[in-house]
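In: Sequence and predicted structure, then a few things I'm wondering about:
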Protein chains: 2
Amino acid sequence: MTNNSSIKFTRGVPAVESFPTAQLAECATTVLAEHSDVVLQYGKARGFPLLCEQIAHMQGVDTDRVIVGQGSLQLLDLIARMLFQPGSLVYAEDPSYDRTITILRRAGGHVVGFPLSKDGLDVEAVAARLKAGEIPVCLYIIPDFQNPSGSVLSFEKRQRLVQLARDYEFWIIEDVPYRRLRYRGDDIPTCFSMAPERVIQMSSYSKQICPGIRVGYAITPDLLKAQLAKMAEDTYISPSYFDQAVVYEFIRRGWLEPQIERLKALYAPRLDMTLAVLAETMIDLGTWTHPDGGFFIGLTLDGPINTDALLARARDANLFLTDGRGFFTASGENFVRLPFCALTPDEIEEGIVRLAEVVRKVK
Amino acid sequence: MTNNSSIKFTRGVPAVESFPTAQLAECATTVLAEHSDVVLQYGKARGFPLLCEQIAHMQGVDTDRVIVGQGSLQLLDLIARMLFQPGSLVYAEDPSYDRTITILRRAGGHVVGFPLSKDGLDVEAVAARLKAGEIPVCLYIIPDFQNPSGSVLSFEKRQRLVQLARDYEFWIIEDVPYRRLRYRGDDIPTCFSMAPERVIQMSSYSKQICPGIRVGYAITPDLLKAQLAKMAEDTYISPSYFDQAVVYEFIRRGWLEPQIERLKALYAPRLDMTLAVLAETMIDLGTWTHPDGGFFIGLTLDGPINTDALLARARDANLFLTDGRGFFTASGENFVRLPFCALTPDEIEEGIVRLAEVVRKVK
């Protein structure tokens, strides 16, 4: 690659070369041949029934607790509008996924962030605030390979959070789009598995298959399932059964697990390259997370940093970054999210070398 | 058909036998072969660029005024949330599409309905209210083969409404999903064609191709286009490019116009049968619209009617109706929507005969 090509550390998108295009074409042909009466018509807002059943079976829950929509963010919008009144208190990790913060606030939520360390958010700070009587409607977390930091919530903290949710009766919204993309080490049990009556779990096939076929889902406690389905129906009648049937067929054929293995083989070297080049070039400039999976490494530059200058200088070097401040409820000037999956190892190396140069210039 | 089979005059769904299944399978295969890099990835919230261009070309507008989403109802939800504050005044036809009323109210709108006659809503009542200083944020209309009444807004009234929108500076939201399904007579120019700077036009391919591939669009005035695209991005990142690319390919191959001709050939006899059986069986029981297109005939029973009894007696006869009250801002006890497209002529005949019997019983 030439030194002038543009490099984008902006959005967390999957690698185009990971898309199982030919398989998806086969699935599309099959579902139209076998299920067109259902797939091409309006249907229940909850989603294509065969996919709902499949997800329910994989997750070990009753089918009517599953709702499948046009990506999980859209479902989060419905959930927030269903749960919130203007000014509703919401707890979140700080930093968190910028689009989520926007959704929660737009639905009336007053978002309070709790700082992250490498084993997840500060649970004792959450406990103290609860004890002081500030009970949120919900806590939003991305426990596995968090967006944007890459951090993983420890088992102990998950247990403690679940207990707090039970004691103080708030919902945990557990968003796990990266969970299956663990490149090494062992899975940690989800909060959902510990307290299915207190946790809304959300995930999607955007990172596992592709985002352009928009299929995400939520599994809700019994108490919320009917109201959420009504919200969905009132908003879009029914989601794309065509998209959902294609995902159903992909899973039915046994293609999901091999696809995830291919993704791991593609992405693990990209994670390793990112970590290696950071260690070579930025050891005196900041600290960063060392995730075992997912899409992101969170880099915290040694302060003080003029973020606007950093972004502008990076652009001058044909290097595109997302403003770190967007991930925080406040501050975030020193934070750089590094999504590594959609870049080749060469691009990653070049990108981080450029980033180190830019940081040295603005410091 | 046997006399016991269930007959559904409930939702306005297209006929399953109208779906161009084999053609859609070809389109899906083609777009994955030719555009997978774009189609399977995240993209601009505005929609699959080639479809946006195609719609813009067909409608004679700049591409950036087109936004394509998961059906037009979902876009209406975004538009309402973008335009409204709590208590915002909204004008609508009375009756109107029940799902729209729900969306407008949920977004904070205070919906004021204006009665319909066979040439559309009472425009002089609108003018009087405007003159009295009650200026709405927007007026929502379905000018062609209205849902649920089947009525068509006259050319003169369209001109007058457009002038009022200009004078009093409110938006007209013109929803035209049935416009292309005219079985006889001539098109009337849209409000959008008269005042593209004051009208948001919405439509979808649900009635023209199929609903299960969820593709609807809005064309907005320049003043609103950026804000609406941001609302969409903040809600679902990007819509299903896969669905949208399939529709694009269907249109590109020149298949849309023949498909619409097939629909007309299928639906026109169903409209005729509905009108004929109504004239045979219900002449002493009520009045109804005589549309030249669309999905619906609006039947107004001679009052008084106990609606709950009507619906229950109909169910006893295995005849399913939608509660007419849901279409009105108030009242609607005597109203029955008759969607005729998804029933065969035999089913229509049997259904209306049953309906007449039920009405005689509850009167």
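Out: Yes, it's here.

In: any idea whether A:Val68 is helix, strand or coil?
Out: strand (DSSP: H, G, I helix; E, B strand; the rest coil).

In: Does it touch A:Gln54 like I think?
Out: No: taking contacts as CB atoms under 8 Å, A:Val68 lies outside contact range of A:Gln54: 9.8 Å. Using the backbone N, CA and C atoms, a C-beta is placed for each residue, glycine as well.

In: And those two? Which one has more around it.
Out: Just comparing A:Val68 and A:Gln54: by other CB atoms under 10 Å in any protein chain shown the higher neighbour count belongs to A:Val68, 29 against 21.

In: mind listing what the more buried one touches?
Out: Neighbour list for A:Val68: A:46-48, A:51-52, A:55, A:215-217, A:239, A:244 [criterion: CB atoms under 8 Å, 6 or more residues apart in numbering or on different chains].

In: Show me where the stretch 201-350 of chain A has its strands.
Out: A:216-219, A:286-288, A:296-301, A:319-321, A:335-339 (DSSP state E, counting those that start in this stretch).

In: Spatially, which residue comes closest to A:Gln85, not counting chain neighbours?
Out: Nearest residue to A:Gln85, sequence neighbours excluded (CB to CB, 6 or more residues apart in numbering or on different chains): A:Gly108, at 6.1 Å.

In: Quick check: the one you found vs chain B, distance?
Out: Counting by CB to the nearest CB, to the nearest Å, the separation of A:Gly108 from chain B is 11 Å.

In: How many residues are close by that residue?
Out: For A:Gly108, the count of nearby residues is 16 (other CB under 10 Å).

In: how about it, secondary structure?
Out: Assigned with three-state DSSP, A:Gly108 falls in the coil class.

In: burial of the nearest residue to A:Pro345 once chain neighbours are set aside, as a residue count?
Out: Leaving out its chain neighbours, the residue that sits closest to A:Pro345 by CB to CB, 6+ apart is A:Met273, at 4.3 Å. Residues lying near A:Met273 (other CB under 10 Å) number 19.

In: give the contact list for A:Met273.
Out: Contact partners of A:Met273, counting by CB under 8 Å, 6+ apart, are A:340, A:345, A:348-349.

In: Recalculate using a threshold of 10 Å.
Out: A:Met273 makes contacts with A:340, A:343-349, A:352, as judged by CB atoms under 10 Å, 6 or more residues apart in numbering or on different chains.

In: Tell me the one among the residues you listed nearest to chain B.
Out: Distance to chain B across the contacts of A:Met273 (CB to the nearest CB) is lowest for A:Leu343, with 14.2 Å.

In: Show the backbone phi and psi for that closest one.
Out: Note on A:Leu343: backbone dihedrals following degrees, to the nearest 10 are phi -110, psi 150.

In: before we move on, back to that, can you list residues touching both of A:Val68 and A:Gln54?
Out: Listed as contacting both A:Val68 and A:Gln54 by CB under 10 Å, 6+ apart are A:48, A:244, A:247-248.

In: Quick check: the residue of the stretch 51-200 of chain A nearest chain B.
Out: Closest point on the stretch 51-200 of chain A to chain B, by CB to the nearest CB, is A:Gln74, at 4.2 Å.

In: near chain B, which residues of the stretch 151-300 of chain A?
Out: Counting by CB under 10 Å from any CB of the partner chain, the residues of the stretch 151-300 of chain A close to chain B are A:206, A:209-216, A:230-231, A:233-246.

In: any chance of the shared contacts of A:Val68 and A:Gln54 in TSV, with neighbour count too?
Out: What follows is the shared contacts of A:Val68 and A:Gln54, written out as TSV (neighbours: other CB atoms under 10 Å in any protein chain shown):
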residue	neighbour count
A:Phe48	28
A:Gln244	31
A:Val247	28
A:Tyr248	26
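
In: Tell me which two in these are the farthest apart.
Out: The span of these, defined through CB to CB, is set by A:Phe48 and A:Val247 at 8.4 Å.

In: list residues touching both of these two?
Out: By CB under 10 Å, 6+ apart, the residues touching both A:Phe48 and A:Val247 are A:31, A:54, A:68, A:215.

In: rewinding a little: could you export the strands of the stretch 201-350 of chain A as TSV, including mean neighbour count, distance to B:Arg99 and mean pLDDT?
Out: Below are the strands of the stretch 201-350 of chain A laid out as TSV (neighbours: other CB atoms under 10 Å in any protein chain shown; distance: least, CB to CB, whole Å; pLDDT from 0 to 100):
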stretch	mean neighbour count	distance to B:Arg99	mean pLDDT
strand A:216-219	25	22	98
strand A:286-288	18	48	97
strand A:296-301	23	39	97
strand A:319-321	20	41	97
strand A:335-339	25	38	97
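
In: tell me, how many neighbours does the nearest residue to A:Gly185 once chain neighbours are set aside end up with?
Out: In space, and not counting its chain neighbours, A:Gly185 is closest to A:Asp292: 4.4 Å by CB to CB, 6+ apart. Applying other CB under 10 Å, we find 16 residues neighbouring A:Asp292.
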